[in-house]
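> I'll drop the sequence and a predicted model, then ask my questions.
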Amino acid sequence: MSKINPIQQALLKLDGGAFQKLADAYLVAKRFGTANCIGSVPGANKVRTGTPDTLIALPNGRYLFAEHTTQQAGLLAKMKGDLGKCLDPDKTGIPVERIEGVILCFTGKIDAKEQEELTEICREKGVGLDLYGIDAISLDLYDKYPHLARDFLDVPIDTGQIVPPDQFVSLYNHNKLATRLNLGFHFREEELDRLLAALEGERLAILSGKAGVGKSRLALEMCRRFRVAHPEYEVLCIFGRNRDLWEDLKSQFSRASKFLILVDDANRVSRFDYVVDLLLHQREDQRIKVVATVRDCALLKVQEAAQPLGGGAELALAPFTDDQIKTLLTDECEIHNYHYLDRIADITKGNPRLAVMAAEVAKEESLNSIRDVSALYDRYFSSVREDLKKEGADLKRADLLKTAAIVSFFKAVDHANEEMMDIIETAFAIPPGRPSGRPPSVSTNWRCWTCTKTRW
């Protein structure tokens, strides 16, 4: 069955507050501008009095008004009333001549005559009108914004591996084993300029370096600045979950547009060659560029996959200097004690991820808590150990340590991927059967365990 039907069914079940949240996210995704959600209650799916429901300020000093409704009976009268309020300066405080247009989002349907009546009301005032009913919204959610269908309607269109940059950062930061990705951008201006220049003429740019050296942060900044220089491009990020990527690529890139795709840890993405194939066979009405990050130890694998493209542009990222590490810690972590700065710079060897980890540990503990890198890791991941203990896990058990190693190496595991599961069973000697009475969270059965813990 087409996913359009479940999307429309889910839309019809939304109450006014939930639909308003979805409609605002939808308008932002369509790049109308930054939304001031006047009629929505922060932190709750509730509505409050206000006209318009959503206000969008445009760069030219004019405004877009948006009104949302789930009303079915008497829909035309409701929409005429909403337009009347939007075009009344006494209710909005904004002169009609400052209104660029009005957007109406609704879960009902109107016919051609009704659409013309609404359009004429705005035309008489010199104001534009955009109408997004249940058909337009559901088709857009299916074709262009599957993450909205998944997040707001619980209707999965794909495996959720292709997301906007802000969601990518949120997913990245959610991982307890990772440091924050939303730090300020520091010191990589020269590398950034080289990467931007390379991407002007190449379809693929590969950014390599040691783990924790700042590849993902640089790639995100490059995407942001490329988007500023080329606002016609849409930026999307691939957040690998070790699931087959083909359906996601078909879902997201079947339309005519210009895309910049960030592929983080390209060697860990299932079938990176699919991304290369997408670049090779993009349609005439598309322009697609990719920036991929990869650890230097896995660079050869990505280079081989990129051979059909001629290899693309490459940039190797060097560690920070000690002075740069100290400035980073001062600016981002507010550490000013030179003893701490010297110690952290000494043990992290120019690695910004390790430096931030060390700073977080040192601020909570003491200078002695970061004697060396092994002590740093022990302290930093202590919260993970405590969480496992609370779940009744015996941290000395070999099978649990193997499981931790598997998750650390693969990042995410699809238990339905037979090839991957066979590799895991062979390498770690974990048999396929789970002994009866053993809970999946501590089971020696990797297949069953991954059913409940597919991602850390």
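Sure thing, it's come through. Numbering: from 1, shown residues only.
> How many neighbouring residues does Thr327 have?
Each residue near Thr327 was counted by other C-beta atoms under 10 Å, and the total is 15. C-betas here are computed from N, CA, C, even on glycine.
> Touching, it and Gly184? I think so.
No: look at Thr327 against Gly184 with C-beta atoms under 8 Å: they stay out of range, at 10.7 Å.
> Measure how far the strand or helix carrying Ser216 is from the centre of its chain, please.
For Ser216, the host element (DSSP states H and E) is helix 215-229. In terms of C-alpha atoms, centre = their mean, to the nearest Å, the centre of helix 215-229 is found 14 Å from the chain centre.
> Compute the inter-axis angle for the next helix or strand after it and helix 215-229.
Heading C-terminal from helix 215-229, the first helix or strand you meet, by DSSP H and E, is strand 233-238. With axes from the mean of the first three to the mean of the last three C-alpha atoms, to 10 degrees as the basis, strand 233-238 and helix 215-229 are set at 160 degrees to each other.
> Tell me which other helices or strands strand 233-238 touches.
Using 3 or more C-beta pairs under 8 Å, 6 or more residues apart in numbering; DSSP states H and E as the contact criterion, the elements in contact with strand 233-238 are strand 162-163, helix 165-174, helix 215-229, strand 258-263.
> by how many degrees do it and helix 165-174 diverge?
In this structure, strand 233-238 runs at an angle of 20 degrees to helix 165-174, with the same axes, to 10 degrees as the basis.
> Just checking: what are the partner strands of strand 233-238?
In the sheet, strand 233-238 lines up against strand 162-163 (antiparallel), strand 258-263 (parallel) (DSSP bridges).
> Quick one: distance of the last one to the chain centre.
What that stands for is strand 258-263. Averaged C-alpha coordinates place strand 258-263 at 12 Å from its chain's average position (C-alpha atoms, centre = their mean).
> weakest of the strands paired with strand 233-238 by average pLDDT?
When those are ranked by mean pLDDT, strand 162-163 comes last with a mean of 92.
> what residues does that one touch?
Contact with strand 162-163 is made by 147, 171, 236-239, 248-249, 251-252, 261, as judged by C-beta atoms under 8 Å, 6 or more residues apart in numbering.
> so Asp399 sits right up against Ala429, yeah?
No: proximity of Asp399 to Ala429 does not meet the contact threshold set by C-beta under 8 Å, at 9.5 Å.
> Between the two, point out the one with more neighbours.
Taking Asp399 and Ala429 together and counting by other C-beta under 10 Å, Asp399 has the greater number of neighbours (17 against 11).
> State the pLDDT value of that one.
On the pLDDT scale, Asp399 is placed at 75.
> From Ala305, how far off is it?
34 Å (C-beta to C-beta, to the nearest Å).
> same question, Thr49
Computed with C-beta to C-beta, the distance linking Thr49 and Ala305 is 56 Å.
> out of the two, which sits in the more crowded spot?
The neighbour comparison of Thr49 against Ala305 (other C-beta under 10 Å) goes to Ala305, with 21 against 6.
> gap between that one and Pro352?
With the distance defined as C-beta to C-beta, Ala305 ends up 28 Å from Pro352.
> Check Val47 too.
As it turns out, when the distance is counted by C-beta to C-beta, Val47 lies 44 Å from Pro352.
> Comparing those two, which shows the higher neighbour count?
Set side by side, Val47 and Pro352 show unequal neighbour counts under other C-beta under 10 Å, the larger going to Pro352 at 23 against 20.
> Now do the same contact list for the more buried one.
186, 212-214, 217, 320, 325, 328.
> domain parsing for this protein?
Using automatic domain parsing, the domains assigned to the chain come out as 4-153, 162-316, 322-380, 392-452.
> what separates the longest one from the chain centre, distance-wise?
Centroid displacement of domain 162-316 relative to its chain, using C-alpha atoms, centre = their mean, is 12 Å.
> Turn the helices and strands packed on strand 233-238 into CSV, including mean neighbour count.
As requested, those are exported to CSV (neighbours: other C-beta atoms under 10 Å):
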stretch, mean neighbour count
strand 162-163, 22
helix 165-174, 16
helix 215-229, 19
strand 258-263, 21
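> Ends of stretch 245-263, what's the gap?
12 Å (C-alpha to C-alpha, to the nearest Å).
> so what pLDDT did Asp296 get?
Here, the pLDDT recorded for Asp296 equals 90.
> how close does it get to Asp342?
Summarising the geometry, the distance separating Asp296 from Asp342, computed by C-beta to C-beta, is 27 Å.
> quick one on the thing from earlier: report the lowest-confidence entry in the contacts of strand 162-163.
For the contacts of strand 162-163, the minimum pLDDT belongs to Ser251; the value there is 82.
> That residue: what secondary structure?
Secondary structure state of Ser251, per DSSP: H, G, I helix; E, B strand; the rest coil, is helix.
> Can you show me the CA trace of stretch 67-78 as CSV?
Taking only C-alpha atoms (Å, rounded to 0.1, in the frame of the first residue of the first chain), the coordinates of stretch 67-78 have been written out as CSV:
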residue,chain,number,x,y,z
GLU,A,67,-3.0,30.0,9.5
HIS,A,68,-3.5,26.3,10.3
THR,A,69,-6.7,24.3,10.9
THR,A,70,-7.9,20.8,11.2
GLN,A,71,-11.5,21.8,10.9
GLN,A,72,-13.5,19.8,8.4
ALA,A,73,-17.2,21.0,8.5
GLY,A,74,-17.6,24.6,7.5
LEU,A,75,-14.0,24.8,6.3
LEU,A,76,-14.5,27.5,3.7
ALA,A,77,-16.1,29.8,6.2
LYS,A,78,-13.3,29.1,8.7
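> For that stretch, list every residue counted as buried.
Residues of stretch 67-78 classed as buried by neighbour count (16 or more other C-beta atoms under 10 Å): 67-70, 75, 78.
> okay if I get those residues as CSV plus distance to Gln161 and secondary structure?
Rendered in CSV, the data for those read as follows (distance: C-beta to C-beta, whole Å; DSSP: H, G, I helix; E, B strand; the rest coil):
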residue, distance to Gln161, secondary structure
Glu67, 34, strand
His68, 30, strand
Thr69, 34, strand
Thr70, 31, coil
Leu75, 38, helix
Lys78, 39, helix
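> CSV for those residues, including distance to Tyr338 and pLDDT?
Rendered in CSV, the data for the buried residues of stretch 67-78 read as follows (distance: C-beta to C-beta, whole Å; pLDDT from 0 to 100):
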residue, distance to Tyr338, pLDDT
Glu67, 58, 98
His68, 56, 98
Thr69, 61, 97
Thr70, 60, 97
Leu75, 68, 97
Lys78, 66, 97
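> Can you tell me how far Leu199 is from Leu192?
According to C-beta to C-beta, Leu199 and Leu192 sit 11 Å apart.
> what residues are shared contacts of these two?
Met222.
> how much space between the nearest residue in space to Arg188 that is not next to it in sequence and Leu183?
Closest residue to Arg188 in three dimensions, ignoring its sequence neighbours and counting by C-beta to C-beta, 6 or more residues apart in numbering: Leu218, at 5.1 Å. Using C-beta to C-beta, one gets 12 Å for the distance from Leu218 to Leu183.
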